[in-house]
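In: Everything below, folded, please.
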Amino acid sequence: GRIGMIGLKTSTSNPLSYGVIVHVEEDEVERRDDGVYVVSFKGFERFQVLGEPWMDPTNSFFIANIEIIENREEVISSKKKALVQQMTKELRPLVDKWMIEVMKSGKTDKKKMKKILKDIGPMPKSSQKLGLW
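Out: Numbers count the residues shown, from 1 in each chain. A predicted model of the protein is given here:
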């Protein structure tokens, strides 16, 4: 099924204003021996949260009204644009380091890591598309 994923602000634990629609396949859900579920999914469309999200009645997740913004051009200052471009350049080495650390930790093996990389595809050159990648 499709769900929206948004992160939480580390300082307040409140939902962020932007997220991504993800598609979860049943065969991509794995239950570990310790009872924790590991879910793999792909992001498809970016969205902006409209108004304030609210907690569902079970207090398990947030619900929000959203607007799909996949092709919306973001207006940012030249200073912020330069910062985004710099962060985009720095991302590749960080991803490489992350892959090495995950493999060293034993949380995945080479076969699973190759599947992850195949599923997400090559890193986009556009910094706007990196949000989905």
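In: what about the closest residue to S127 other than its chain neighbours, how many residues close to it?
Out: Distance criterion CB to CB, 6 or more residues apart in numbering; nearest residue to S127, sequence neighbours excluded, is T88 at 4.2 Å. Yep, even glycine has a C-beta here, placed from its N, CA and C like the rest. For T88, the count of nearby residues is 16 (other CB atoms under 10 Å).
In: do the same with P15
Out: Residues contacting P15 under the criterion other CB under 10 Å number 19.
In: hey, which helix is longest across the chain?
Out: Assignment by DSSP state H gives helix 78-105 as the longest helix of the chain.
In: so how far is it from its chain's centroid?
Out: Here the centre of helix 78-105 is set off from its chain's centre by 14 Å, with CA atoms, centre = their mean, to the nearest Å.
In: Past it, which element shows up next along the chain?
Out: Once the chain leaves helix 78-105, the next helix or strand it forms, by DSSP states H and E, is helix 110-120.
In: How about residues contacting that next one?
Out: Residues outside helix 110-120 that contact it (CB atoms under 8 Å, 6 or more residues apart in numbering): 40, 42, 99, 102-103, 108, 133.
In: low-confidence ranges in this protein?
Out: In the predicted model of the chain, residues 72, 128, 131-133 satisfy pLDDT under 70.
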